[in-house]
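Enquirer: here are the coordinates; sequence isn't available:
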């Protein structure tokens, strides 16, 4: 494997991720990709799900559907 190829370095992704909390849909069918060695910003109103999305990517929040 070529260590300089982009596939050699891990990136972050979510595939059709759905997260529910206390009966409320926090994320619904979210798809997200960020390549290795990239800087990506996520913004939105308070309570829009940015922290939940980050926690799902990090494995700190279970995903009810899809995969992290």
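Expert: Noted; the coordinates are in hand. All of these numbers come straight from a predicted model, not from anything done at the bench. Numbering: from 1, shown residues only.
Enquirer: now the helices for the protein?
Expert: Assigned helices in the chain, in chain order: 50-58 (criterion: DSSP state H).
Enquirer: so where do the strands sit in it?
Expert: Ranges of strands within the chain are 12-21, 24-34, 65-67, based on DSSP state E.
Enquirer: just send the ones you listed back as CSV, with mean neighbour count and mean pLDDT too.
Expert: The C-beta positions use only the backbone N, C-alpha and C, and glycine is treated the same way. Putting those into CSV (neighbours: other Cβ atoms under 10 Å; pLDDT from 0 to 100) gives the following:
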stretch, mean neighbour count, mean pLDDT
strand 12-21, 16, 89
strand 24-34, 14, 90
strand 65-67, 13, 84
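Enquirer: so which of those is nearest residue 58?
Expert: Across those, residue 58 has its closest neighbour in strand 12-21 (8.7 Å, Cβ to Cβ).
Enquirer: what packs against the closest one?
Expert: Where contact means 3 or more Cβ pairs under 8 Å, 6 or more residues apart in numbering; DSSP states H and E, strand 12-21 is packed against strand 24-34, helix 50-58, strand 65-67.
Enquirer: ok so, going back, can you list the strands of the chain in TSV and add distance to residue 58?
Expert: TSV is the format used below for these (distance: least, Cβ to Cβ, whole Å):
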stretch	distance to residue 58
strand 12-21	9
strand 24-34	13
strand 65-67	14
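Enquirer: show me the one of the ones you listed that comes nearest residue 40.
Expert: Checking these against residue 40 by Cβ to Cβ gives strand 24-34 as the closest, at 4.3 Å.
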